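> Got a predicted structure plus its sequence, pasted below:
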Amino acid sequence: MENTQTNQTIPQKEDNTIAVISYITFIGWIIAAIMFANKKTALGAYHLRDMLGLILTSLVLWLIGLIPFIGAIIYFLGLIFLFVLWLIGLINAINGVMKPLPVVGTIFQKWFATMFV
């Protein structure tokens, strides 16, 4: 009996390093953006845009938090919501998935569509 093997090209999962690093604080996002300039990947661009949206949303929440009492409540609830979105985005990046974040993901991708192309 002859044992033959065929060489098949198995598509490699796109490198998710940039995507994962983009979720590690603002400095991680900057590092990922610099890395993206050298190695452009669709997955990296997708998650850089999502994290940029989360960063800007957190800044808006911080400004709202400056309002006495009601601002602090909105800020606290908003941070919990952002943490959940951040966690979902990080898990998607680790798994190499380009899945929109709940509620805001498609908005972020639309707003920042021209970035990281």
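Yep, it's here. Small disclaimer: the values here were computed from a predicted structure and weren't measured. Numbering: from 1, shown residues only.
> From here on, just use CA atoms for contacts and neighbour counts.
Will do.
> which residue sits closest to the residue nearest the centre of the chain in space, ignoring its chain neighbours?
Central residue of the chain (C-alpha atoms, centre = their mean): residue 47, 3.1 Å from the mean position. Leaving aside its sequence neighbours, residue 47 sits nearest to residue 19 (C-alpha to C-alpha, 6 or more residues apart in numbering; 5.3 Å).
> host element of the one you found?
helix 17-21 (DSSP states H and E).
> continuing past that helix, what's the next helix or strand?
Counting by DSSP H and E, what follows helix 17-21 is helix 25-38.
> Going by neighbour count, list what's buried in that next one.
By 16 or more other C-alpha atoms under 10 Å, the buried positions in helix 25-38 come out as 29-30, 32-33, 35-36.
> who does it touch, helix- and strand-wise?
helix 17-21, helix 42-65 (3 or more C-alpha pairs under 8 Å, 6 or more residues apart in numbering; DSSP states H and E).
> picking that back up, in TSV, list the buried residues of helix 25-38 along with distance to residue 42.
Listed next are the buried residues of helix 25-38 as TSV, based on distance: C-alpha to C-alpha, whole Å:
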residue	distance to residue 42
29	16
30	17
32	13
33	13
35	13
36	10
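> that older thread, mind listing residues that contact the helix holding residue 19?
Helix 17-21 is touched from outside by 28-29, 31-33, 35-36, 43-48, 90, 93-94, 96, with contacts defined as C-alpha atoms under 8 Å, 6 or more residues apart in numbering.
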